[in-house]
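>>> Here is a sequence with its predicted model. Questions after.
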Amino acid sequence: MGETTQLTTLQRKAGAGRGESESAGMTPAKALRLALSKAAQDELSLALRVQGVTESRVNQPGLLDALSDDLLLLLLEGPQGGLGVGALDIQALAALIEVQTMGQVLKSPATQRRATATDSAMCAPLLDRVLQEFEGHLAGSSAERWTTGFRFGERVENTRLLGLRIDEADYRLFRIALDMADGAKQGEMLLALPADGGLNMNTAAEGGHNWAQTLQKTVQASHVDLLAVLHRMQIPLAKASAFKPGDLVPVPQSAIGAVQLEGVDGRIVGVARLGQQNGHRALRISDGAVSDTPAGGTDMANITSSVAPEPLMDGLGDTPLPDGDMPPEIPMMPMGVEGGDGLPDLPMAQMDNPPAEGIGDIGELPMAAMPMDLEIG
């Protein structure tokens, strides 16, 4: 009995027979402390000490709010298509780069800069080792299901692109304060893993229907820049260089109902009519036909409305021009948009004529909600 009691006591002191790591007090925070210190020492011979770890549970928007474009953003690939996120601030990143390139961590603070693909390549081995040690410390615990199988995937340029990659799910977010090389630099690392691990098999087996819906929802939530073009015209360089504040540029009245909406590639994606709403200029989208030809194309039939002049450069008015007569000017071609039939266009040569009645000074158009109170016509 005495031997049995003594053996049991020794086993208890040695930790023999313990089941889950949690029974020994191995929490995720403690596992991260051990994983980071060991990985930094083994991979880089870097003395790294974890000063603090905070854990929180956030959704996808909350995770993106916790990150910024100033961080090195790394996508982590997990089992069944699960994705996590790793991030390093500039001080932590600089310490890892300096110890690999110069053999030591400089004591001066690093200058803020944007992370590069080279940075991610140099940090990937350490990150993989940290994740490997992290899951090893939690093997057999209830945390094993969401810590296992994650490794470095790729660098992501910014948080906007990151939001298009990660799932709309809950994440376990760890913020880790780091001290490197005995105080030479202090930085922060963020680690976010899906709260329930990778995608479960039931979700994966649902097939492409849910995947297509998720993709459609993500694409439709993307930011799109559109340019509203009231009118384009061609004029001789001599007249363009003579422009000064207060000069009036003729705009045909038919252009009011033919405002072109262009994408970033110059392709016309819609037609609108200029109007007002609540005292602000506004656009009403019309049913006008949309051309497949980019606004900057070379379609000679529509060249006056599709080719934009190059922007003027400062000081162009002082540029000497060759002697000789200027080529004859081409009058404006009708816009050909419904609502503008029968309205004469102003010829190009009459630069002193006032603009179309009712337009006023066309600056940046502040948008307002539809329907409009008034249409300019």
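Thanks, I have it. Numbers count the residues shown, from 1 in each chain.

>>> What strand or helix carries G197?
For G197, there is no host helix or strand (DSSP states H and E).

>>> gap between it and D287?
50 Å (Cβ to Cβ, to the nearest Å). No exception for glycine: its C-beta is placed from N, CA and C like everyone else's.

>>> Compare neighbour counts for the two and give me the winner.
Legend: neighbour count by other Cβ atoms under 10 Å for G197 and D287, higher for G197 (21 against 8).

>>> contacting residues around the more buried one?
G78, P79, G82, R145, W146, T147, T148 (Cβ atoms under 8 Å, 6 or more residues apart in numbering).

>>> same thing but 7 Å
Residues near G197 by Cβ atoms under 7 Å, 6 or more residues apart in numbering: G82, R145, W146.

>>> Model confidence for the residue lying closest to the second one once chain neighbours are set aside, exactly?
Nearest residue to R145 in three dimensions, chain neighbours excluded: G197, at 4.7 Å (Cβ to Cβ, 6 or more residues apart in numbering). Note on G197: pLDDT of 75.

>>> And A204, by the same measure?
pLDDT recorded at A204 is 42.

>>> again, but for S241
The predicted local confidence for S241 is 88.

>>> That one - how many residues pack around it?
Per other Cβ under 10 Å, the neighbour tally for S241 reads 15.

>>> try the one 10 residues further on
A count of neighbours around V251, defined by other Cβ under 10 Å, yields 19.

>>> my hunch is that G52 is in a strand, does that hold up?
Yes: counting by DSSP: H, G, I helix; E, B strand; the rest coil, G52 is part of a strand.

>>> i'd like the first residue to be 714 from this point on
Done: numbering now begins at 714, and the last item shifts to G765.

>>> neighbours of it, just the number please.
When neighbours are defined as other Cβ under 10 Å, G765 has 12 of them.

>>> Does the closest residue to it other than its chain neighbours belong to a helix, a strand or coil?
Leaving aside its sequence neighbours, G765 sits nearest to A890 (Cβ to Cβ, 6+ apart; 4.4 Å). With three-state DSSP as the basis, A890 sits in strand.

>>> which stretches of the protein have low pLDDT?
714-737, 911-928, 930-932, 934, 1001-1090 (pLDDT under 70).

>>> Outline the domain layout of it.
For the chain, automatic domain parsing gives the domain ranges 735-913, 937-1023+1043-1090.

>>> Select, out of the ones you listed, the one closest to Q929.
Q929 lies closest, by Cβ to Cβ, to one member of those: domain 735-913, at 12.5 Å.

>>> what's next to the longest helix seen in the chain, contact-wise?
Longest helix in the chain by number of residues, with DSSP state H as the criterion: helix 830-850. Here helix 830-850 makes contact (Cβ under 7 Å, 6+ apart) with 734, 739, 744-745, 747-749, 751-753, 755-757, 785, 787, 799, 801, 806, 809-810, 813, 860-861, 863-865, 868.

>>> hmm, 8 Å instead?
Residues from elsewhere that reach helix 830-850 (Cβ under 8 Å, 6+ apart): 734, 739, 741, 743-745, 747-749, 751-753, 755-757, 785, 787, 789, 799, 801, 806, 809-810, 813, 857, 860-865, 867-868.
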